[in-house]
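*Asks:* Fold the following.
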Amino acid sequence: MKMVLYVCVHNAGRSQMAEAFTNALAKEKHLEVRGESAGTVAGAKINPVAQEVMLELGISMEAHHPKPLTQPLADSADKIITMGCGVDAQACPARILISEDWGLDDPAGQGIEKVREIRDQIKVRVEALLSELSERGS
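*Replies:* Below you'll find the predicted structure:
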């Protein structure tokens, strides 16, 4: 099984949505891929607007919670994607190897329309990533 790790600073919005999309879409497409997410400075709770916009698409993040990025978690990932938050080098484990950065806006403090826009950008990117991984024989 391939593991994609989505990393952000607080692990409260973008990275959580990417994890949820990866797991829901991989299951739907019968792909051997799972998503995980973590934050360099994990927040206290998930962004409630991010939870709300995901639920609009039938994906619950109720059981999600921010998790800290650790070296073992980074080491277990087949691909590491940062969400566009300029991950703080001092907060990152020493050997984290970022595969790519998605350069997404932070949903923190944004209205629901903007968070929907970010959610939709994440979904498109996750779908493309899953297609890429399935073509490589995930």
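*Asks:* what residues are up against the most centrally placed residue in the chain?
*Replies:* Residue closest to the average C-alpha location in the chain (Cα atoms, centre = their mean): residue 15, at 2.8 Å. Taking Cβ atoms under 8 Å, 6 or more residues apart in numbering as the definition of contact, the neighbours of residue 15 are 6-8, 37-39, 83. In this view, the C-beta of every residue, glycine as well, is placed from N, C-alpha and C.
*Asks:* pLDDT weak spots in this protein?
*Replies:* Regions of the chain meeting the criterion pLDDT under 70 cover residues 85-98, 137-138.
*Asks:* try 80
*Replies:* For the chain, the stretches flagged by pLDDT under 80 are 85-99, 136-138.
*Asks:* okay if I get the contacts of residue 15 as TSV plus secondary structure, neighbour count and distance to residue 19?
*Replies:* Putting those into TSV (DSSP: H, G, I helix; E, B strand; the rest coil; neighbours: other Cβ atoms under 10 Å; distance: Cβ to Cβ, whole Å) gives the following:
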residue	secondary structure	neighbour count	distance to residue 19
6	strand	28	6
7	strand	27	11
8	strand	31	10
37	strand	28	4
38	strand	22	9
39	strand	24	11
83	coil	29	11
